[in-house]
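[1] Below are the sequence and a predicted model; questions follow.
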Amino acid sequence: MQILAFISGALRKTQNLRILIVITIFFILASFSRYHGSVELSIDEDGQVQSMPHANNMHFTHHIATYKEEDIKPWTLGDTAALRTPQGQKVVEDLTATPFQVPGPENDNKDTVLKPDHFLTLTKRFRIYRSLWKYLLGYYDSSVADKLQEGFFTAPPNEIAPAVDFLRRIEQASFPWIFRDHKSSYDLYSKSRNGGRGIVMCVGNHHAKYARTAIKALREVVKTKLPIEIFYTGYYDLSPENRAWFEKIEGVKTIDVTSLVDNQMIILQGWAAKPFAMMVSSFSEVILMDSDVYYMIDPALLFEDPGYKETGTLYFYDRTLFPGAGRDKKDWMESFLPTMSNHPAKTRWFRAKGDHEMESGVVVFNKKEHFVGLLAICKLNDLHERDQVTYKKTWGDKETFWIALEMVQERYSFIRFGGGVIGNVGDAIPFKDQLPKEEIDRYNQGEDLVATNPKNLATNEVTHIDKPNRDRVCGNLLHFDPKGQPLWWNSGVVRNKFVKDSPYLKYTAFMRDEDGDWHFESTCLIQKNPGAIMEVDWEQRKLAFEVLNVDRTVALEYNDPNFKDILDIPKLQRSDGAKGGNGNSEAV
């Protein structure tokens, strides 16, 4: 009894000590943190201090970018007066000067090499432009109401004339591609200010086979009624046949994005087209989605997300890849952002825990609230910026959606869960090598397969198919709702879309990024501790299989195995679930 009493007392002391340590850490973090909610501070699940803008649970489900009030400078009458002075004009000249270096031997006499401090200049320019743009918007709207907008830039009222001239010069230096079809950014803004809600996709001929499935799934599986605009980059990017196929679906339009901007300046292709498509779309509130994205819900519900309603954006994290990386990205951001929101400190970049942050397969964006931010996003995807800086520092367009808002100082939100995986337990089907047909047939009949190298390349003999490793989920990239439940996935509907005849996914299990370590080559997430593997809800499994049926219908319509594989759909069985069909409330 004395031993039990001693142990009990020791445990109580240990528990009290832990509580004191947690409280101490909380106040230390709060005192040094740059986070500043209007109510209080809280430590969220990953140990980071998170501001609480309102008295609700959003601080547990979202990461909200918040700025110090003293870091955001509104435009004033005094600033307009300062523009009339020599010092003010010097600022104007510096901020609107050419971004290119003086030609010389070190840059092969080319005049298109950006200055080393170009992004720092862009940040200063964007922040002044945002405050100036908002300051003059009321004046512009008044001129429209009085039908005097034609003279707003050519003959503005004397009291704001220097400010209007400065705004015009910044626009011409930063966004010259809008002027072919629009008189100013206000003109472009007015055209989409009352455009309602809709979906924007960028699709070329190669991605049409995925987009057809995605569009049919939107209409026939999750049954969304949102209008859809499909953008392409020039006549040959999306064939007339593909355009006709999409346009026969109610509420779907195809649009050449290069017809709405001066493409000779931008030369849009690939990822870069996405933010420009958002900009010129007719919608005020946009869900930008990739062609290989599929939802567990009607995506219209994303507009009701608390983070979106709070900030006007909803972003999703990518996977935690390449632990230990990211420090160079932190140094890069600090080189051109004199002040930041609370968010960068939470990123894997700043904590040297990964080389990726955001996944841009789905972006929810309110153009009315973030029009200047959207212009800045487009600028980071402009020809010289993307080729010389952005795409060398980041993986395509992804990080531009939040970095540009840091430059402009506009709030944004992430659902706090990292990109996880959805698929089957242990199905490490090879990344490059093709499984023999008999093994794929076994898989479709309900058997699990694991093969890291199914063919001996020297003898062309099929090696042994191992039993699956039960410590991992292998499949495609999954993203979560605020409660940590499956919301949408991308990378297609097969185990590996880059492998011919790769079988369809079974959608039996999922795992969250925070609970595992990635095996990048096989796209498997290996659990760190037992209990991390969850079973996909039965209703969601049935929905995923409806998407598979839609995909097979699309393949039969093509009737071209060289372009789109005609695959057998695996059996849908409750017993295939990670926990035998009991739902994701129980872990394996």
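    Good, I have the coordinates.
[2] got any ranges where the stretch 451-588 of the chain has weak pLDDT?
    Along the stretch 451-588 of the chain, the model assigns pLDDT under 70 to residues 451-468, 580-588.
[3] An error on my part: the question was meant for the chain.
    1-56, 103-110, 428-468, 580-588.
[4] mind checking how far stretch 282-298 is from the chain centre?
    Relative to its chain's centre, stretch 282-298 lies at 11 Å (C-alpha atoms, centre = their mean, to the nearest Å).
[5] Show me what counts as buried in it.
    Going by neighbour count (16 or more other C-beta atoms under 10 Å), the buried part of stretch 282-298 is 282-297. Any C-beta I mention is one placed from the backbone N, CA and C, and that applies to glycine too.
[6] Export stretch 328-344 to CSV, keeping only CA atoms.
    What follows is stretch 328-344, C-alpha atoms only, in CSV (Å, rounded to 0.1, in the frame of the first residue of the first chain):
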residue,chain,number,x,y,z
ASP,A,328,15.9,28.4,-48.2
LYS,A,329,12.2,29.3,-48.8
LYS,A,330,12.1,31.1,-45.4
ASP,A,331,15.2,33.1,-46.3
TRP,A,332,13.8,34.0,-49.7
MET,A,333,10.5,35.3,-48.2
GLU,A,334,12.3,37.3,-45.6
SER,A,335,14.3,39.0,-48.3
PHE,A,336,11.3,40.7,-49.8
LEU,A,337,8.7,40.8,-47.0
PRO,A,338,9.6,43.5,-44.5
THR,A,339,6.6,42.5,-42.4
MET,A,340,4.4,39.4,-42.4
SER,A,341,1.2,38.0,-41.0
ASN,A,342,1.2,35.4,-38.3
HIS,A,343,0.9,32.6,-40.9
PRO,A,344,4.5,32.1,-42.3
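[7] which residues touch that stretch?
    33-36, 50-51, 63-68, 71, 117, 119-120, 122-123, 349-350, 352, 355, 393-394, 402-403, 406-407, 409, 411-412, 414 (C-beta atoms under 8 Å, 6 or more residues apart in numbering).
[8] how about 7 Å then?
    34-35, 51, 63, 65-67, 71, 119-120, 123, 349-350, 393, 403, 406-407 (C-beta atoms under 7 Å, 6 or more residues apart in numbering).
[9] Equivalent analysis for stretch 554-568, please.
    Counting by C-beta under 7 Å, 6+ apart, 209, 212-213, 216, 444, 494, 500-501, 503-504, 552 sit against stretch 554-568.
[10] Do me a favour and get the end-to-end distance for it?
    For stretch 554-568, the first-to-last residue distance is 13 Å (C-alpha to C-alpha, to the nearest Å).
[11] Also stretch 296-313?
    Stretch 296-313 has its terminal residues 20 Å apart, counting by C-alpha to C-alpha.
[12] hang on, the earlier thing: which among the contacts of stretch 554-568 count as buried?
    Applying 16+ other C-beta under 10 Å to the contacts of stretch 554-568 flags 209, 212-213, 216, 444, 494, 503-504, 552 as buried.
[13] Now, those residues that are in helices?
    209, 212-213, 216, 444, 552 (DSSP state H).
[14] Now distance to V102 too, for the contacts of stretch 554-568, in TSV please.
    Formatted as TSV, the contacts of stretch 554-568 follow (distance: C-beta to C-beta, whole Å):
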residue	distance to V102
K209	48
R212	50
T213	51
K216	55
N444	64
V494	52
K500	52
D501	56
P503	58
Y504	57
R552	59
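[15] closest to E521 among the residues you listed?
    Using C-beta to C-beta, V494 comes nearest to E521 of the contacts of stretch 554-568, at 16.9 Å.
[16] From what I see, the closest one and D501 are in contact.
    No - using C-beta atoms under 7 Å, V494 is not in contact with D501; the gap is 8.8 Å.
[17] element containing the residue nearest in space to the middle of the chain?
    By C-alpha atoms, centre = their mean, the mean C-alpha position of the chain lies nearest to S360, the distance being 2.5 Å. Here S360 sits within strand 358-366, counting by DSSP states H and E.
[18] Strand 358-366 and the helix or strand following that strand, what's the angle between them?
    Counting by DSSP H and E, the next helix or strand C-terminal to strand 358-366 is helix 371-380. Interaxial angle of helix 371-380 relative to strand 358-366 (axes from the mean of the first three to the mean of the last three C-alpha atoms, to 10 degrees): 150 degrees.
[19] What residues sit buried inside helix 371-380?
    For helix 371-380, the neighbour count (16+ other C-beta under 10 Å) marks 371-380 as buried.
[20] mind listing what the helix or strand encompassing E229 pairs with, with the direction of each?
    Secondary structure assignment for E229, by DSSP H and E: strand 228-232. As defined by DSSP bridges, the strand partners of strand 228-232 come to strand 197-202 (parallel), strand 252-256 (parallel).
[21] Out of the ones you listed, which gets nearest to D471?
    Relative to D471, the nearest member of the strands paired with strand 228-232 by C-beta to C-beta is strand 197-202, separated by 36.5 Å.
[22] Would you mind writing the CA trace of the closest one as PDB?
    What follows is strand 197-202, C-alpha atoms only, in PDB (Å, rounded to 0.1, in the frame of the first residue of the first chain):
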ATOM      1  CA  ARG A 197     -20.600  32.100 -57.800                       C
ATOM      2  CA  GLY A 198     -19.100  29.500 -60.100                       C
ATOM      3  CA  ILE A 199     -16.400  27.000 -60.900                       C
ATOM      4  CA  VAL A 200     -13.300  27.700 -63.000                       C
ATOM      5  CA  MET A 201     -11.200  25.000 -64.600                       C
ATOM      6  CA  CYS A 202      -8.200  25.200 -67.000                       C
END
